[in-house]
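S.K.: Here is a sequence together with a model predicted from it:
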Amino acid sequence: MSATITASRMSRARRGTILDLVTHALTVRRQRQSLSRLDAHTLRDIGLSEAAARREANRPIWDVPVHWKR
């Protein structure tokens with residue numbers, strides 16, 4: 001019985017983790033899409049060049065700094 005309870009808890013933990021990863025990936029995607037729609041003036045205001053914003057917007061959703069994954 002103990003093994004069943006442990007397996008069940010592990011299964012729930014994995015689902016939460018997977019859901020968290022998907023949610024995070026979609027959030028990153030949405031933020032990068034928003035970044036790609038900013039005009040040159042707004043990008044200058046936040047200290048980004050158009051080239052840097054384009055590079056960031058084109059990165060894959062799983063390509064994020066390590067500290068974002070904690």
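M.R.: Structure received. Predicted model only: the values in this text are computed from it and were never measured. Numbering: from 1, shown residues only.
S.K.: Strands along the chain, start to end?
M.R.: With strands called from DSSP state E, the chain shows none.
S.K.: what stretches of it score poorly on pLDDT?
M.R.: Where the chain drops to pLDDT under 70, the residues are 1-16, 68-70.
S.K.: Try it again at 90.
M.R.: Within the chain, the stretches with pLDDT under 90 are 1-25, 61-70.
S.K.: And the helices in this protein, which stretches?
M.R.: Using DSSP state H, the helices found in the chain span residues 2-36, 40-45, 50-57.
S.K.: what about the last one, distance to the chain center?
M.R.: Meaning helix 50-57. With CA atoms, centre = their mean, to the nearest Å as the basis, helix 50-57 stands 16 Å off its chain's centre.
S.K.: Mind listing residues that contact it?
M.R.: With contact meaning CB atoms under 8 Å, 6 or more residues apart in numbering, helix 50-57 is reached by 32-33, 35-36, 38, 40, 43, 48. For every residue, glycine as well, the C-beta is placed using N, CA and C.
S.K.: What residues sit buried inside that helix?
M.R.: Neighbour counts using 16 or more other CB atoms under 10 Å place 53, 57 of helix 50-57 among the buried residues.
S.K.: again, but for the second one
M.R.: Judged by neighbour count (16+ other CB under 10 Å), helix 40-45 contains these buried residues: Leu43.
S.K.: who does that helix touch, helix- and strand-wise?
M.R.: helix 50-57 (3 or more CB pairs under 8 Å, 6 or more residues apart in numbering; DSSP states H and E).
S.K.: would you put the C-alpha positions of the helix it packs on in CSV?
M.R.: Provided in CSV are the C-alpha atoms of helix 50-57 (Å, rounded to 0.1, in the frame of the first residue of the first chain):
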residue,chain,number,x,y,z
GLU,A,50,16.0,46.4,-32.8
ALA,A,51,18.5,43.6,-33.6
ALA,A,52,18.7,42.5,-30.0
ALA,A,53,14.9,42.5,-29.7
ARG,A,54,14.6,40.5,-32.9
ARG,A,55,17.2,37.9,-31.7
GLU,A,56,15.4,37.5,-28.4
ALA,A,57,12.0,37.2,-30.1
